[in-house]
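>>> Please find the sequence and the predicted model below.
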Amino acid sequence: FGFGKRICPGRHFADATLFIVAASLLSAFSVQKKRDAEGREIHFEFSYSGNLHQPAPFPYTVAPRDRRAEELIAADALAR
């Protein structure tokens, strides 16, 4: 976001927006390790790739947390 006289005036808005988006996603979806055909979690080694220190791809699943979350997601999809 810069520093000194050139610091971004919208940095607080951006931080708050990212927090709200992350909280909204985590309140509606469950993010878990991927499971194999027998239902066991697939083990992976967390590692970084490249010089930018971004995580390497790893297996995961995203699913609605419960029935109420499914209804909320469906209602939002229909509204668009």
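Sure thing, it's come through.
>>> Worst mean pLDDT across the helices and strands of this structure, which element?
strand 48-49 (a mean of 68; mean pLDDT, DSSP states H and E).
>>> pretty sure Val31 is in a strand, no?
Yes: looking at Val31 with DSSP: H, G, I helix; E, B strand; the rest coil, it is inside a strand.
>>> Name the helix or strand for Ile73, please.
helix 67-79 (DSSP states H and E).
>>> Residues touching that helix, excluding its own?
Ser27, Ala28, Phe29, Pro64 (Cβ atoms under 8 Å, 6 or more residues apart in numbering). All C-beta spots, glycine's among them, are computed from the backbone N, C-alpha and C.
>>> which residues are contacting stretch 28-39?
Applying Cβ under 8 Å, 6+ apart, the set of residues contacting stretch 28-39 is 41-42, 44, 59-65, 69, 72-73.
>>> Just the mean pLDDT for that stretch, thanks.
What stretch 28-39 shows for mean pLDDT is 91.
>>> how about the helices of the chain, start to end?
11-28, 67-79 (DSSP state H).
>>> okay, these in TSV with mean neighbour count and distance to Phe3 next?
Below are the helices of the chain laid out as TSV (neighbours: other Cβ atoms under 10 Å; distance: least, Cβ to Cβ, whole Å):
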stretch	mean neighbour count	distance to Phe3
helix 11-28	11	10
helix 67-79	11	38
